[in-house]
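Enquirer: Coordinates only, no sequence provided:
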Ligand code: HEA
Ligand code: HEA
Ligand code: CUA
Ligand SMILES: [Cu+2]
């Protein structure tokens, strides 16, 4: 395992402890903070793959047939494989590990005031399985026939029969990799949930738990509850691929649409699985930088629970035109639109939190506010898709692609940057550079809009997804549409270039940044009661909790914050 | 609204466009209000020296109103959208108006075969007209389509008609459309179906009744020598890449 | 050395038991998904009953009995562990494990006959479901068997006695899954 350890793990070493060797301390550790770093760095490395694949296929779309610098000719097969890998990597090996596993592992024990997860070795096992899944996934690029190209949704019979997909090894390996990842997160999730239920600091009641912890727990439970049928479905698919069964083969009594139901029964809750931790991060950052109590803490929890429950009843909105009974579409249209209510309420709560605040636009806060600004557009465009009749037109167009990038990008990058810049001082004991942080912020948010606003327009004009060259479609080959595609690609290249600023800032600040105090942002939650960075075991003295996490600007107090562990 | 980007050429295209406009207005309103409030608050409550933030729990009824009332209103908007969506959906997908003609659409990796009845008006007879990657239909007539797939999933998509329907192997899916505007339009495959998904294009020709009659006569098998398309069909080979028949016929 | 986190119990439920419950919850949805898929297919294919008559109901019933008996031993083992009688708990766990073994032997006997008669994994989707569902269950039986032996070895030395209860819980779960599988695969004909 040492050979495949994530690049850069060593550079996270602040100063070596003489009593523990490098291997024990960083690669075989059971410390939740080290495991969080492993997840984070692996996620970042995978983000590079996700970014590179999108670069290659966007270049092909913008300049069809031309050799892409750094990649070469993008053949139709390669295009499909790139799109599939991009989607899979970004969701399963970037968003999930960074948002849930990295932040979850880092924050849960610190924020509930204990020294580690309840099952540290299980935690390590979870990461090892995850790493294995990533390795298996990367291997699909190098096997005979190349990587799987049947889209991240892997609809059969394309995905089950090599004579259709032309990737006899890529397809099953892809499935195995994804399934291993599921197992890693199941194990991790059980650990998270048990830890928060049982190991909270003395005095910490249900409603004293910070929102981000609640959100990660809600996400873990949602994941656990929705993934089961897909694990069963993946088993059946693997047997179709390798053992010659016919679960999804319509010519032999199977049913290809069954997979779609199993996939989306998981797939829709999954989007909230990644959304929730992001919302949690945003809640923490907004309250700290507005010096405000979170507006209606309990409402946030109830809306989260409402969203979880509803999310199990909307899956078929991905299948309106897939050949399901048309009467079902009406039911799913209703549930889908209803889900806008709790999510709207949650966003309104965050906006309302700003009222009467004392807002400081430091980098983490910029990211958190940008999350709200951008996610709103992603959310409202979901309504167009949820209205069954409108989705007849929009289904599988770039409008859908733009919709879900306006949700996913804010989640997987904007919120993650908010979280990383906010907790960086805790993680590494040093501050990040504000100027570089702001350059990176504007250099990411502006190009981001220039990528996906044009794609809303091409989508509305009829561009459908997963097409390597629109010149085959006379109506879509219009030059004004091609200009928009080129614009999106150029903006992507700009965005990617600005990520270097982040990487430089991140790794430079880790070693050379200004030293941070234990509580540089003057925040209330328990992690700031530990030293920066916290030692193994976290707290010099395990804290006791006296109040909720958001007591900022309490009247008649000299300070505008009141840490949870401070008596009196 | 949508006609700015794509033509509307079927009877129900307007209905769908109307629904999309309705959603744009309702949702756009909320989007703008939310953004305006968000930016407004950011500017209004920037940190100032010596000004402390207020302490508002948001748990009291009088405060909570600020989010509960908007969220009730959102619910009302949802109801309007749902009613609109269900009405249009019922028209387009759930009912089948009586057909003037029926066309069978067979999808396969990576070509479309369209089978129309010949002069006798019946499918599965000697005089059926088969075309590959081009479909000729008559303006103003109501068509039923029977959608089939020979191998994997495909999706029959005609943006100008606002029509989209997946083809599922092992099932026959019936739907309808009524062309209202003569012209040539794209037919796309909108479901990934392997490496040729990106070339699985076809062309749809909406013709006036007279033009359509002429086309029928030309292709009616009673009088016809085997066309290149029909030959390709028999050998079951998809056309070579880029040979978009529709584009050639224009 | 265990972290302090592991020794806390804010809910009052021991951490191990809590975790096993969550494991079971996530397993329930896996089996639930598989069985729901099977039931949907089964309803759509009444002709599968012609295949289902070739399953051996008597052996299935025998195995149900075996599992139920072994669950009983697991309960007794838990009781012994509660009283701190590690050796007795270990012996009872071994009896449970014996049940698991018998179950697997009967199962392989059954399968080899069915395969010899030409009903294989690929002969038809009914049989695919049959082998997949029972196979997944059998994997759980094997896993339970291995864990049981490990726990018994510790218990015999009076160590980690709380684990006797945990493996028992898991074993009841495996048992209950079978109680669903048995009518669905063997009795519905
Ligand atoms: C994290 C990611 C994420 C999130 C949060 C969402 C959120 C939503 N999504 Fe999205 N979606 C995806 C990721 C996501 N989606 C992905 C990846 C796909 C495509 C998968 C694929 O095919 O590859 C997809 C596809 C998709 C489809 C299928 C499209 C198709 O293929 O034809 C639909 C259809 O209903 C849909 C709907 C919605 C809705 C209603 C929401 C809602 O949750 C949004 C709720 C939020 C708001 C509504 C905004 C706030 C509210 C207001 C400002 C008030 C005003 C609102 C009203 C008046 C209603 N999504
Ligand atoms: C989390 C999910 C996620 C994210 C973040 C992205 C990010 C991006 N996506 Fe992706 N995309 C998907 C999920 C995602 N995508 C999915 C599920 C599909 C469907 C696949 C399918 O059809 O099967 C898809 C498909 C898809 C398409 C459609 C292709 C087609 O149908 O032909 C396009 C086209 O433009 C596209 C573009 C982009 C772009 C330009 C970005 C840019 O925003 C990317 C920017 C990249 C980076 C910013 C990475 C580098 C950054 C760092 C290294 C910084 C450090 C990292 C950390 C701190 C974590 N994506
Ligand atoms: Cu056929 Cu895509
Ligand atoms: Cu969805």
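Expert: Arrived safely. It should be emphasised that the depicted structure is a prediction, and the values quoted were computed from it without experimental measurement. Ligands and ions are numbered 1, 2, ... in the order given.
Enquirer: ok, now how distant is the nearest residue to residue C:172 once chain neighbours are set aside from residue C:58?
Expert: Leaving aside its sequence neighbours, residue C:172 sits nearest to residue C:71 (CB to CB, 6 or more residues apart in numbering or on different chains; 5.6 Å). C-betas here are computed from N, CA, C, even on glycine. According to CB to CB, to the nearest Å, residue C:71 stands 21 Å off from residue C:58.
Enquirer: When these two are compared, which one has more neighbours?
Expert: Looking at residue C:71 and residue C:58 with other CB atoms under 10 Å in any protein chain shown, you find the greater number of neighbours at residue C:71, namely 19 against 9.
Enquirer: what pLDDT does that one get?
Expert: Note on residue C:71: pLDDT of 94.
Enquirer: in chain B, what residue is nearest ligand 1?
Expert: residue B:30 (3.3 Å; CB to the nearest ligand atom).
Enquirer: who's in contact with that residue?
Expert: Contacts for residue B:30 were tallied using CB atoms under 8 Å, 6 or more residues apart in numbering or on different chains; they are A:344, A:380, B:74, B:77.
Enquirer: mind checking which helix or strand it is in?
Expert: Assigned by DSSP states H and E, residue B:30 belongs to helix B:13-44.
Enquirer: Beyond that helix, next helix or strand please.
Expert: Heading C-terminal from helix B:13-44 (DSSP H and E), you reach helix B:61-89.
Enquirer: and residue 180, what element?
Expert: Picked chain A for this. Taking DSSP H and E as the definition, residue A:180 sits inside helix A:170-198.
Enquirer: I was thinking of chain C, sorry if that wasn't clear
Expert: helix C:162-181.
Enquirer: helices or strands up against that helix?
Expert: Under the contact definition 3 or more CB pairs under 8 Å, 6 or more residues apart in numbering or on different chains; DSSP states H and E, helix C:162-181 sits against helix C:15-44, helix C:57-82, helix C:86-116, helix C:125-156.
Enquirer: Please convert those to JSON lines, extending it with distance to residue A:52.
Expert: Putting the helices and strands packed on helix C:162-181 into JSON lines (distance: least, CB to CB, whole Å) gives the following:
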{"stretch": "helix C:15-44", "distance to residue A:52": "34"}
{"stretch": "helix C:57-82", "distance to residue A:52": "52"}
{"stretch": "helix C:86-116", "distance to residue A:52": "47"}
{"stretch": "helix C:125-156", "distance to residue A:52": "37"}
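Enquirer: Looking at these, which is nearest to residue A:154?
Expert: Nearest of the helices and strands packed on helix C:162-181 to residue A:154, taken as CB to CB: helix C:15-44 at 16.1 Å.
Enquirer: Whichever helix or strand comes after that closest one and chain A, any residue contact?
Expert: Remark: after helix C:15-44, the chain's next helix or strand is helix C:49-52, criterion DSSP H and E. No. Helix C:49-52 lies apart from chain A when judged by CB under 8 Å from any CB of the partner chain; the minimum separation is 10.5 Å.
Enquirer: So what touches helix C:49-52?
Expert: C:119, C:124, C:126, C:127, C:185, C:186, C:188, C:189.
Enquirer: quick one: buried residues of that helix?
Expert: Residues of helix C:49-52 classed as buried: C:51, C:52 (neighbour count, 16 or more other CB atoms under 10 Å in any protein chain shown).
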